[in-house]
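Asker: With the sequence up front, the predicted model follows.
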Amino acid sequence: MKAARISIELLSSGNSSSLVITVFNEHPVIIPLKEHITLANIDSYRQNFSEKILELQRFAGVKLYFNPAHSFDVLQKLHQHGRTLLYRLFEREDITELSRIFQRALDFFNSTQLLQHAHLIEIRHRDIWWIPFEYFPLLNMSEPVREESGNLMLVATRFIGFAALVRRVSTKPKVAKQSQQPLNCDGKITRDTKVPLRFFRNRSIPTAASDEIFFSRLPDIELRNNWPSSRLSRETFIAELGEQLYFAKDSRYAEQSIDAIVHFLCHCETNKVGHRYRMTLTQERPWYSRKFPPQTILVDELYNYFSQCLERDETKHYPLVFLNACGSGRISPAQIDSFPQMFIDNRNRGVIGTETTIPTLLASAFAQSFYHSFFEGDSLAFCIQKAKWKIMENHNNPLGILYTVYANPDLHISLKK
């Protein structure tokens, strides 16, 4: 079976908006939206649905393992939320057409087969990045019934996010220092021996120590996790963090190669006033205490630091960023100052993040599953989808669907010949 490739773009004309959906290279299908896309109604839709998903996450709880009945209840609520948003966005007959398109393209209904090359849906316009296609039950719009709780994998196949990787594609970088070089979105991370992975963390998160041990035991990783080695002032903390993110290396080590992957385990949140995105990290113990609280960094502070940096080599491939943090994958349509947008503007290979609060045990299990597959040479798309299904199969937990991707789906690790 051939993996599907579906492109979704936005067509706006006058006071109307439509989605343009192309399956493989077939003739595109135009699906009208009920309302013209504007920043005002985008924020309204997004805020409403984000609250529903946050409510769902609270209902699901923080445990990694769900009993089957609870898992079914979570999937049923997700189905209700996704279906409700579909009917807010589209007319009934257009939802039927959407369902037909995706069922035919993905050929996933009544199947839990995971392809080596995952089905891919690309959302190619920033004004529709916010539409949560992952949660739409377009592969089976009928309400799940309790009798199906004995086959949770089948219930999960209703959702686009389990059937395919949904990728938000950046087509217009807005870097502080404009560059004429193309985005570094090539399909492989080439390594001579080990892959350099930089690990930033908030040590107050319960899984911080176990995640660090996991990375240290992976034989293919050169773990870079010794910053900061002393207590720093806030200004120095931001400057040193900004330098490592912008240049993808630590200037204390002159001969150090560029990072291939940057992994964050931290808290990310959005201030409701002004959509100010902030990240909370901690320094090395013993400085993590009430006297020396965790460091909080705002996106605009990092943007400001980047704008003051010296020129760098734009032909280099800057690292893939995995933001394993609550709300790290969220982009407000009215703002560019979010963490995914910042790393896109910084010309990183891509970003993996989450749309809402993510339980720490799930975050750790998802990341470990992803990296196990990724370091075996599998594609990023396959690794993300495999992690969702593995957690669903082993723990009856469907919340892996909350992960969002802004990265080349074919990215993989290749041993240099």
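Answerer: Right, received. Where do you want to start? Numbers count the residues shown, from 1 in each chain.

Asker: Please name the nearest non-neighbouring residue to residue 302.
Answerer: Excluding the flanking residues, the one nearest residue 302 by C-beta to C-beta, 6 or more residues apart in numbering is residue 242, at 5.4 Å. C-beta: built from backbone N, CA, C; applies to glycine.

Asker: so which helix or strand takes in that neighbour?
Answerer: For residue 242, the host element (DSSP states H and E) is helix 234-247.

Asker: Now do the same contact list for residue 10.
Answerer: 17, 18, 19, 20, 37, 125, 127, 128 (C-beta atoms under 8 Å, 6 or more residues apart in numbering).

Asker: Using the three-state scheme, assign the fifth one.
Answerer: With DSSP: H, G, I helix; E, B strand; the rest coil as the basis, residue 37 sits in coil.

Asker: Correct me if wrong: it contacts residue 11.
Answerer: No - with contact defined as C-beta atoms under 8 Å, residue 37 does not count as touching residue 11 (9.8 Å).

Asker: Low-confidence bits of the stretch 101-250 of the chain, can you list those?
Answerer: Where the stretch 101-250 of the chain drops to pLDDT under 70, the residues are 108-117, 171-186.

Asker: Strands of that one, start to end?
Answerer: 120-123, 165-168, 188-191, 195-201, 221-224 (DSSP state E, counting those that start in this stretch).

Asker: Tell me which of those sits nearest to residue 263.
Answerer: Closest of these to residue 263 is strand 195-201, at 5.2 Å (criterion: C-beta to C-beta).

Asker: strands paired with the closest one, and their directions?
Answerer: Sheet pairing of strand 195-201 (DSSP bridges) gives strand 221-224 (parallel), strand 261-271 (parallel).

Asker: Out of these, flag the one nearest residue 48.
Answerer: Proximity to residue 48, assessed across the strands paired with strand 195-201 by C-beta to C-beta, is greatest for strand 261-271 (15.5 Å).

Asker: Can you pull out the residues in contact with that closest one?
Answerer: With C-beta under 8 Å, 6+ apart as the test, strand 261-271 has contacts from 189, 195-202, 205, 207-208, 211, 215, 245, 248, 276-281, 319-328, 330, 332, 338-339, 348, 353, 363, 367.

Asker: Inside helices: which ones of those residues?
Answerer: Secondary structure from DSSP state H places 208, 211, 215, 245, 339, 363, 367 of those in helices.

Asker: Closest one of those to residue 63?
Answerer: Of all those, residue 63 sits closest to residue 363, with 13.0 Å by C-beta to C-beta.

Asker: burial count for the residue lying closest to that closest one once chain neighbours are set aside?
Answerer: Leaving aside its chain neighbours, residue 363 sits nearest to residue 324 (4.9 Å; criterion: C-beta to C-beta, 6+ apart). Residue 324 has 26 neighbours, counted by other C-beta atoms under 10 Å.

Asker: Hmm, residue 324 is touching residue 367, no?
Answerer: Yes - between residue 324 and residue 367 there is a contact at 5.3 Å, judged by C-beta under 8 Å.

Asker: In ChimeraX, how would I select just the buried ones from the contacts of residue 10?
Answerer: Of the contacts of residue 10, the buried ones can be selected in ChimeraX as follows, counting by 16 or more other C-beta atoms under 10 Å:
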select :17,18,19,37,125,128
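
Asker: how much space between the closest residue to residue 91 other than its chain neighbours and residue 278?
Answerer: Leaving aside its chain neighbours, residue 91 sits nearest to residue 34 (6.6 Å; criterion: C-beta to C-beta, 6+ apart). Using C-beta to C-beta, to the nearest Å, we find residue 34 at a distance of 35 Å from residue 278.

Asker: Residue 62 now?
Answerer: Separation of residue 62 from residue 278 (C-beta to C-beta) stands at 22 Å.

Asker: Kindly report the same for residue 250.
Answerer: If you go by C-beta to C-beta, the gap between residue 250 and residue 278 works out to 23 Å.

Asker: just residue 203 next, same as before
Answerer: Distance of residue 203 to residue 278, computed by C-beta to C-beta: 18 Å.

Asker: likewise residue 105?
Answerer: Distance of residue 105 to residue 278, computed by C-beta to C-beta: 39 Å.

Asker: With residue 84 instead?
Answerer: 31 Å.

Asker: Which of those two has more residues huddled nearby?
Answerer: Set side by side, residue 84 and residue 278 show more neighbours around residue 278, with 16 against 13, by other C-beta under 10 Å.

Asker: correct me, but the more buried one touches residue 297?
Answerer: Yes - the pair residue 278 and residue 297 passes the contact test of C-beta under 8 Å, sitting 6.5 Å apart.

Asker: before we move on, the earlier item: list the residues that contact the residue nearest to residue 363.
Answerer: Residues near residue 324 by C-beta under 8 Å, 6+ apart: 263, 264, 265, 266, 354, 358, 363, 364, 366, 367.

Asker: doesn't residue 405 make contact with the fifth one?
Answerer: Read that as residue 354. No - judged on C-beta under 8 Å, residue 354 makes no contact with residue 405 at a distance of 10.7 Å.

Asker: of those two, who's got more company?
Answerer: Shown here are residue 354 and residue 405; by other C-beta under 10 Å, residue 354 has more neighbours (24 against 21).

Asker: Just to be sure, residue 390 is in a helix?
Answerer: Yes - per three-state DSSP, residue 390 lies within a helix segment.

Asker: Tell me who's in contact with it.
Answerer: The contact partners of residue 390, taken as C-beta under 8 Å, 6+ apart, are residue 369.
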